[in-house]
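J.: kindly generate the corresponding structure for this input.
(one chain, ligands or ions: 1)
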Amino acid sequence: MPKTQYWDYTFEDSMDVIAKLPSVAGRIYQNVFKNGKVPNINPDADYGHNLAHVLGFSENKDFVELMRLYLTIHTDHEGGNVSAHTTHLVGSALSDPYLSLAAGLNGLAGPLHGLANQEVLRWTLKLRDAVGVNASDETIKDYIWSTLKSGQVVPGFGHAVLRKTDPRYSCQREFALKHLPSDPMFQLVSKLYNIVPRILTEHGKTKNPWPNVDAHSGVLLQHYGLVEQDFYTVLFGVSRAIGVLSQLIWDRALGMPLERPKSLSTQDILKIVKK
Ligand code: MLT
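T.: Purely as a prediction, here's the structure:
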């Protein structure tokens, strides 16, 4: 096959894997947490509706709307994050889109990456159990300072490249303000939004004190009854596939080369260290 055609096959495989993902995610969810029966995909409904459907939530139109939002904002925002870069790296060996995506999702499973939304939810539930849902700002501030003073981070705040509130956080907040303004966990998350950035700024050890995408998604899923936290990274992966596989098609269309970072010999390293 001439190199100029590589993109076409990458496109076809990518479309196939993206089309299959709601069924795969539904199979995982139903096998692990429910009765093993996966509802059939409805070819006349959109992707978000079908994702809600295979999980058993399509009767709730707000949850369907949440899936549409969730799928859109988690696709990607640039190519440097672990899952996007890993998919690109493995794909640069001309491994097919299935293999490349599988590699990327292994990265997504790390707590500093896609697993972070579970970590945030766990931390927020721990906070709720410790201080109560109606805790005063002062009590929450004390809890956050004690977290920081014990050398831990406040999960969901900060980002490798963003230096303001993650726009993906803002759209989830808008969704919550519209659909679940009186949910106690959302109200707690809202309080954190007002309190944490100021404390992190005063603490002085973080470049970006603002919340990121992972700081919000867990409470929205919990609100609608999707409470199985171990499933959240699978859900993230369905969305991320659309972003990273689109990038993979472009990699092939642009003829991107095999990626190979430079290595240094011990002598080279010694020279740097001695400088
Ligand atoms: C992501 O969406 O992958 C996260 O924001 C992490 C990152 O961009 O580094």
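J.: show me what the host helix or strand of S23 packs onto, helices and strands only.
T.: In this structure, S23 sits in helix 6-33 according to DSSP states H and E. With contacts defined as 3 or more CB pairs under 8 Å, 6 or more residues apart in numbering; DSSP states H and E, helix 6-33 has these neighbours: helix 47-55, helix 97-108, helix 232-253. C-beta: built from backbone N, CA, C; applies to glycine.
J.: packing partners for the second one?
T.: The reference is to helix 97-108. Where contact means 3+ CB pairs under 8 Å, 6+ apart, helix 97-108 is packed against helix 6-33, helix 82-91, helix 232-253.
J.: do the same with the first one
T.: Taking 3+ CB pairs under 8 Å, 6+ apart as contact, the helices and strands that helix 47-55 lies on are helix 6-33, helix 61-73.
J.: can you say which of those helices is packed in most?
T.: Burial of those is given as mean neighbour count (mean count of other CB atoms under 10 Å); helix 61-73 ranks first at a mean of 20.
J.: any idea of the pLDDT on K262?
T.: pLDDT recorded at K262 is 92.
J.: tell me if I am right that it is in a strand.
T.: No - read with DSSP: H, G, I helix; E, B strand; the rest coil, K262 is coil and lies in no strand.
J.: what's the residue in the chain that the ligand sits nearest to in contact with, if anything?
T.: Going by CB to the nearest ligand atom, the ligand is nearest to N81 of the chain, at 3.2 Å. The neighbours of N81, taking CB atoms under 8 Å, 6 or more residues apart in numbering as the test, are H113, A160.
J.: stretch 178-185: end-to-end distance?
T.: End-to-end distance of stretch 178-185 (CA to CA, to the nearest Å): 15 Å.
J.: for the residue of the chain closest to the ligand, phi and psi?
T.: Main-chain torsions, N81, degrees, to the nearest 10: phi -70, psi 160.
J.: again, but for P211
T.: phi -70, psi 150.
J.: state the distance from the closest residue to it other than its chain neighbours to I249.
T.: Distances taken as CB to CB, 6 or more residues apart in numbering put Y169 closest to P211, at 4.8 Å, once the chain neighbours are dropped. To I249, Y169 is 28 Å away according to CB to CB, to the nearest Å.
J.: who's more crowded, those two?
T.: Each of Y169 and I249 has its neighbours counted (other CB atoms under 10 Å); Y169 has more, 24 against 21.
J.: does the more buried one lie in a helix or a strand, and which?
T.: With DSSP H and E as the criterion, Y169 is inside helix 167-179.
J.: are that helix and the ligand in contact anywhere?
T.: No - residues of helix 167-179 contacting the ligand under CB under 6 Å from any ligand atom: none, with a closest distance of 7.5 Å.
J.: can you give the contact residues for that helix?
T.: 62, 65-66, 69, 73-74, 77, 183, 186, 189-190, 193, 210-213, 215-217, 219-220, 223.
J.: spell out which parts of the protein neighbour the ligand.
T.: So far as CB under 6 Å from any ligand atom goes, the chain lies against the ligand at H77, N81, H159, A160, N212, V213.
J.: and the last one, how far from C171?
T.: Yep, that's V213 we're talking about. Distance from V213 to C171, by CB to CB: 9 Å.
J.: what do these two both touch?
T.: Counting by CB under 8 Å, 6+ apart, the residues touching both V213 and C171 are I73.
J.: higher neighbour count, the two?
T.: Taking neighbours as other CB under 10 Å, V213 and C171 compare with V213 leading, 24 against 16.
J.: in contact with R252, which residues?
T.: R252 neighbours (CB under 8 Å, 6+ apart): Y6, W7, T10, G91.
J.: I'd assumed H85 was in contact with the last one.
T.: No - G91 lies out of contact with H85 (CB atoms under 8 Å); the separation is 10.5 Å.
J.: could you count how many residues lie near the closest residue to F186 other than its chain neighbours?
T.: In this structure, F186 finds its nearest non-sequential neighbour in A176, 4.7 Å apart by CB to CB, 6+ apart. If you count neighbours by other CB under 10 Å, A176 ends up with 21.
J.: separation between A176 and N35?
T.: 30 Å.
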